[in-house]
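Peer 1: return atomic coordinates for the entry below.
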Amino acid sequence: MKQMNYIMRRSFLSIALLLGAGIMSSNYWDALASKPKSKFAGVQVGTITYSFRSMPHDVDQLIQFLTEANVSAIELMGDPAETYAGKPASPVRMGPPPAGGQRPQMTDEQRAQIAEYNKKVAEWRATVSMDKFVEIRNKFKKAGISIYAFKPNAFGPNNSDAEVEYGMRAAKALGAKSVTLELPTDPKQSQRLGDLGAKHKIYVGYHNHTQATDVLWNEALSQSPYNSINLDVGHYIAAGGKNTKESLLAFIEAKHDRITSIHVKDRQTPANGAGNLQWGKGDTPLKEILTMMRDKKYKFPASVELEYTVPEGSNAVKEVAKCVEYAKKLLME
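Peer 2: Numbers count the residues shown, from 1 in each chain. Next comes the predicted model:
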């Protein structure tokens, strides 16, 4: 009897261990399944985290948003990362502009505070360790999310070379291949950024609004092989004039090797109101763009940029998820 009890106890423990291993295995695979996957038919669909501006967030909340929206790659705005890394807090809180209006003008005192604050930020950027940015990269990687571009407010004409180089070093620490900003109006600035991009081996992607033309980027591209295009296809269409569906597709094909990422939104032509609409309701040739990227095996990512009005009862996370799913259906047809 004692021997039988011993055998039974051993058998029970063995079964329990196997069950435990099975449970752990199930949890492990469930965890893997919960990671976002937004690369479809070879096309990396991502988002610029500006899409979540209506939902204040830190790095960890952002990861949750992206997981819920099924986004596995991003263009990361500067604020969450820099806050995590210890950037000084601004003494002036302007808040979002009122609906349909502009923020009130700053007072002289506020302007003085901002000027002093900008000096502190420049000093911080010139000396900050990259360790926290590596931590951020690892956090996102663990969640199944990669960072392909970084967009801090550090690349303007009033930013020092030390700040620009900080932004590029931070981008590399985050795992990004490019930084992004609006295309400068002064060619001297794009020359400076292109030179520093070459120094750090990081691409500088210039974003367009409705000033877009097929020759808009020519000078910047000629200045440095590290100057590149961050093409907003919706703004291109909303510009009208010579900008058409056909010219947009031809431009992407002609410049694909100088494009580091695109921003995707569905805008109307000026004749139709130039509105920013839910995907599938505007004039931007979303299907043609995405399937061309798929068929020609272009490597640059397509970033959802949520700028249409979020419907009542929804939020930015749900709407980004809808855009990702829309792109998936087009690519998997």
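Peer 1: where in the stretch 201-333 of the chain is pLDDT low?
Peer 2: Scanning the stretch 201-333 of the chain for pLDDT under 70 picks out nothing.
Peer 1: may I see the buried residues of the helix or strand harbouring Lys322?
Peer 2: With elements taken from DSSP states H and E, the one containing Lys322 is helix 316-332. For helix 316-332, the neighbour count (16 or more other Cβ atoms under 10 Å) marks 316-317, 319-324, 326-328, 330-331 as buried. Where you see a C-beta, it was placed from the backbone N, CA and C, and this is true even at glycine.
Peer 1: repeat for stretch 117-124
Peer 2: The neighbour-count check on stretch 117-124 (16+ other Cβ under 10 Å) flags Val121, Ala122, Trp124 as buried.
Peer 1: same thing with stretch 207-215?
Peer 2: Buried, per 16+ other Cβ under 10 Å, within stretch 207-215: His207, Asn208, Thr210, Ala212.
Peer 1: need those in JSON lines (columns: secondary structure and distance to Asp131).
Peer 2: Listed next are the buried residues of stretch 207-215 as JSON lines, based on DSSP: H, G, I helix; E, B strand; the rest coil; distance: Cβ to Cβ, whole Å:
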{"residue": "His207", "secondary structure": "strand", "distance to Asp131": "29"}
{"residue": "Asn208", "secondary structure": "coil", "distance to Asp131": "35"}
{"residue": "Thr210", "secondary structure": "coil", "distance to Asp131": "40"}
{"residue": "Ala212", "secondary structure": "coil", "distance to Asp131": "39"}
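Peer 1: show me the helices in the stretch 151-300 of the chain, by range?
Peer 2: Along the stretch 151-300 of the chain, the segments classed as helices by DSSP state H, counting those that start in this stretch run 161-174, 187-200, 218-223, 233-239, 245-255, 286-295.
Peer 1: pick the most buried one from the ones you listed.
Peer 2: helix 233-239 (a mean of 25; mean count of other Cβ atoms under 10 Å).
Peer 1: quick revisit: need the max-distance pair from the buried residues of stretch 207-215.
Peer 2: Across the buried residues of stretch 207-215, the longest distance by Cβ to Cβ is 11.8 Å; it joins His207 and Thr210.
Peer 1: quick one, what contacts Ala238?
Peer 2: Neighbouring residues of Ala238 by Cβ atoms under 8 Å, 6 or more residues apart in numbering: Thr210, Arg267, Gln268, Thr269, Pro270, Ala274, Asn276.
Peer 1: by neighbours, which of these wins?
Peer 2: Counting neighbours by other Cβ atoms under 10 Å, the top entry in the contacts of Ala238 is Arg267, with 25 neighbours.
Peer 1: show me the contacts for it.
Peer 2: Going by Cβ under 8 Å, 6+ apart, Arg267 touches Gly234, His235, Ile237, Ala238, Ala274, Gly275, Asn276, Leu277, Gly282, Asp283, Thr284.
Peer 1: and what of Ser224?
Peer 2: Applying Cβ under 8 Å, 6+ apart to Ser224 gives the contacts Gln191, Gly194, Asp195, Gly197, Ala198, Val204.
Peer 1: could those residues be laid out in JSON lines, adding distance to Leu290?
Peer 2: Shown next, in JSON lines, are these (distance: Cβ to Cβ, whole Å):
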{"residue": "Gln191", "distance to Leu290": "33"}
{"residue": "Gly194", "distance to Leu290": "29"}
{"residue": "Asp195", "distance to Leu290": "34"}
{"residue": "Gly197", "distance to Leu290": "28"}
{"residue": "Ala198", "distance to Leu290": "31"}
{"residue": "Val204", "distance to Leu290": "25"}
